[in-house]
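Q: turn this into a model:
(2 chains)
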2 protein chains.
Amino acid sequence: MKKRVVIVGGGFTGMNAARVLGNRADVEVTLIDRRNYHLFQPLLYQVAMSALDEGDIAAPLRNMLSIYNNITVYKGIVERVDTENHTIHTDFGPVEYDYLILACGVRHHYFGNNQWEENAPGLKTLSQAKEIRRRVLEAYEAAERSNDPVERKKLLTFVIVGGGPTGVELAGSIGEMSRYTLSKLYHQIDPKLTRIFIVEAAPRILGSFSPELASKATRSLEQLGVQVWTSSMVNDVDENGVQIGNERIEAATVLWAAGVTAIRIGDNFGAETDRIGRIVVEGDLSVPGHPEIFVGGDQACLFNSEGKPLPGMAPVALQEGNFIGKTIIRDLKGKVRKPFQYKDKGQMATIGRNRAIVEIGNIKFDGTPAWFTWLLVHIYYLTSFKHRVFVLMQWGWSYFTFGFGARLIVNREWRFYPEAGPSRKEPAP
Amino acid sequence: MKKRVVIVGGGFTGMNAARVLGNRADVEVTLIDRRNYHLFQPLLYQVAMSALDEGDIAAPLRNMLSIYNNITVYKGIVERVDTENHTIHTDFGPVEYDYLILACGVRHHYFGNNQWEENAPGLKTLSQAKEIRRRVLEAYEAAERSNDPVERKKLLTFVIVGGGPTGVELAGSIGEMSRYTLSKLYHQIDPKLTRIFIVEAAPRILGSFSPELASKATRSLEQLGVQVWTSSMVNDVDENGVQIGNERIEAATVLWAAGVTAIRIGDNFGAETDRIGRIVVEGDLSVPGHPEIFVGGDQACLFNSEGKPLPGMAPVALQEGNFIGKTIIRDLKGKVRKPFQYKDKGQMATIGRNRAIVEIGNIKFDGTPAWFTWLLVHIYYLTSFKHRVFVLMQWGWSYFTFGFGARLIVNREWRFYPEAGPSRKEPAP
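A: Below is the predicted model:
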């Protein structure tokens, strides 16, 4: 009798668990995701900044898994888990499991101020990346049309809330784009006057990196015209800017890279969660009391030997997915489970062309060597996509021409006659 | 004193007129478009069918015109023309002109049934192409999830209303995709069972082509599983299908390729228009009584020597744009105007891999030679884009692998917390 493995989420964890279990005669795998694609999340900011297109960093789950004849893919939404009856309930009916792997990731979070989202979009999905792209490009177009110098200044002001890697990458990209790529394209405005702010609540940006590297990154950002405000808490976001204590920045575009919260499946079937909603798992990534349920990636909270939780990073998610797949195989072979051991691959962040920081254990470097390391690692990991050659060529092109991908503003509204009736309902991203 | 030339619309006509006038010391050009990009419309259906990405067939107007220092580009909407004061009124204020070039194109049209749009999107803009892509892919995903054979049949049924080149290209692409590309990707359904209909009111499809070629195209369509219904008027479109006289087809996806109407600028400043709203122009493409106003491309109606109006095709629009630019230069030099002469480049339509028809005057051919002709011509004309090499490679890849571009379903809704407040208003496409 084949064991039924159900995987919820096609990110790094789900995809890697599926691959480990692919084409095995003793398991039948069902992968469910609310989107139809696997996303290479570390490069999502490049889609937001027009440097890459969506097809460069995403591929349909169906295509990526089509070589495994024991894997069925469904685009659907999981509503809750019935642990007693080993069944998940989805928007297309119940699905039974012998093993359940949850890897649903995180969404961005406004600490109780969800109304900020409209004026400060986060960056977790492709549709959000395209919304950010649209806003950044629209701001320059509106500035070109405006005759009011104060309005123009507001339009050419960008505030990024949050000084983690995503915030730094977004700010660096806007800096580079405004100082180099856009400067010759506008006649009425000087894009080099673009003001960019990173607003970070902690005493320094890039808190997961060493202070020296974070300081070097700050210098790199400053060279691209980005001003870093640390120890700065955002009190309010409205359509004209942000309030930071007694200070105020007028900005047409505010981007949110400050907080995340784990995605919940119903009531998380009563499992214990940490401060940001991640499920606290056992050493083998299973849920306490439920050896048949695994949680991995950003949705899981696992403490390392020093009592610190593993960070929400691609290498962690990827290794956890592999581990979960192998653990299920060990179970089927009657072998005893091992605890998950994270092999630290280090961390890196890129600020712009020839500007990056890399930290692997005690090895730390920055500048051009770090940037090329970043580039090579990302090209290597993109090999799961058909288009790796295209990405490489596109980056090569951008590097030598200082050009960028197509900066198209594509509306969400597709109807010419929206007054004729309501739009079909669409689920949340 | 420099002459102020204002161009409304950055399609083939506007772009070519701008290029003719670019870098001339005696004119100052302002180009206004509601979008920020030039679109290679003849390949729009390939974006709708996931074969190409938006960046492959569109490029920002600003980039394409940045080498001309006498051209300013504004993303904006023109509301009306004040012919008396030589001023156009836009959503960013008035703009004065000495010469005005209108090239705003057409939109799709439902003959008084705008409420059909929600269930039968047209294909004129990038956002519409992406909406069509989303619907086609969602239909397959929903069919894979469904257990109801009748529901599945409806989900795997596609009706294309209109048998012109766009309708034929859409139907052929769905046929090819369902018979080849998708067939190995689904486990619960057989995409080869996809039913595709072209519904055409006239007695045959491709009315602008010769009957022999149209008949060959019909055979090619049939080989890809497309059924052609001619002399068939659609009476109603709802979310479950279409009503055609006393017959009914249940279909989850209906696409509209049946009618267009010229875009109006205010009241068209009182100019005479034809049946589909195009402005009837003089032989030099100017508006009767207004030698300083030109209309070109799909927005213009010009009768040829046989008393027939020139068709709404890219070569016509392109040549008209060049002609208008040159006519303005003749004016400035004090030379007399000439009438516009269309050099017939023929017409072609593609149905699928190795399936196409070409008609140039009395020369008519089909099959693989026609398909390669189509390919070469389109690659040649795409040379106005940076990415021609990428397009070529992508097509080559698809040809040899029977693969396609990334079939990603990207939601329009980008917010996680839409309940927190209303969305920023977005203009129509």
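Q: chain A - how does it break down into domains?
A: A:3-108+A:260-332, A:114-255+A:347-401 (automatic domain parsing).
Q: export the ones you listed to JSON lines and tack on distance to chain B, mean pLDDT and mean neighbour count?
A: C-beta here means a position set from N, CA and C on the backbone, and glycine is covered the same way. Listed next are the domains of chain A as JSON lines, based on distance: least, Cβ to the nearest Cβ, whole Å; pLDDT from 0 to 100; neighbours: other Cβ atoms under 10 Å in any protein chain shown:
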{"stretch": "domain A:3-108+A:260-332", "distance to chain B": "4", "mean pLDDT": "94", "mean neighbour count": "20"}
{"stretch": "domain A:114-255+A:347-401", "distance to chain B": "4", "mean pLDDT": "91", "mean neighbour count": "19"}
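Q: with distance to B:I77 as added columns, please give those in a markdown table.
A: Below are the domains of chain A laid out as a markdown table (distance: least, Cβ to Cβ, whole Å):
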| stretch | distance to B:I77 |
| --- | --- |
| domain A:3-108+A:260-332 | 23 |
| domain A:114-255+A:347-401 | 11 |
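Q: of all the ones you listed, which one is nearest B:S146?
A: In terms of Cβ to Cβ, the element of the domains of chain A nearest to B:S146 is domain A:3-108+A:260-332, at 7.5 Å.
Q: how far does the closest one stretch from one end to the other?
A: Using Cα to Cα, to the nearest Å, the end-to-end distance of domain A:3-108+A:260-332 comes out at 9 Å.
Q: return the backbone torsion pair for A:D344.
A: phi -70, psi 120 (degrees, to the nearest 10).
Q: which residues does it contact?
A: Listed by Cβ atoms under 8 Å, 6 or more residues apart in numbering or on different chains, the contact set of A:D344 reads A:I360, A:G361.
Q: now do it, the pLDDT please.
A: Note for A:D344: predicted pLDDT of 91.
Q: how close does it get to A:G321?
A: A:D344 sits 17 Å away from A:G321, going by Cβ to Cβ, to the nearest Å.
Q: kindly report the same for A:D91.
A: 24 Å.
Q: now swap in A:I329 and tell me
A: 13 Å.
Q: okay, and the common contacts of the two?
A: Common contacts of A:I329 and A:G321 (Cβ under 8 Å, 6+ apart): A:V20.
Q: in chain A, which spans are helices?
A: A:12-21, A:44-48, A:54-57, A:61-64, A:126-145, A:149-155, A:165-176, A:211-223, A:314-332, A:367-381, A:388-401 (DSSP state H).
Q: check which helices and strands the first one sits against.
A: Applying 3 or more Cβ pairs under 8 Å, 6 or more residues apart in numbering or on different chains; DSSP states H and E, one finds that helix A:12-21 contacts strand A:3-8, strand A:27-33, strand A:99-102, helix A:314-332.
Q: distance to B:G296 added to the ones you listed, as CSV?
A: As requested, the helices and strands packed on helix A:12-21 are exported to CSV (distance: least, Cβ to Cβ, whole Å):
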stretch, distance to B:G296
strand A:3-8, 55
strand A:27-33, 47
strand A:99-102, 58
helix A:314-332, 51
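Q: quick one, which of the ones you listed is nearest to B:W414?
A: That would be strand A:27-33 among these, by Cβ to Cβ, at 17.6 Å.
Q: strand partners (parallel or antiparallel) of that closest one?
A: Paired strands of strand A:27-33, with direction, are strand A:3-8 (parallel), strand A:71-75 (parallel) (DSSP bridges).
Q: tell me which of the ones you listed sits nearest to A:L221.
A: Among the strands paired with strand A:27-33, strand A:3-8 comes nearest to A:L221, with 37.6 Å by Cβ to Cβ.
Q: angle of that closest one against helix A:12-21?
A: 160 degrees (axes from the mean of the first three to the mean of the last three Cα atoms, to 10 degrees).
Q: tell me the angle strand A:3-8 makes with helix A:314-332.
A: 160 degrees.
Q: identify the residues contacting strand A:3-8?
A: Applying Cβ under 8 Å, 6+ apart, the external contacts of strand A:3-8 come out as A:14, A:17-18, A:21, A:26-33, A:78, A:88, A:95-104, A:265, A:328, A:332.
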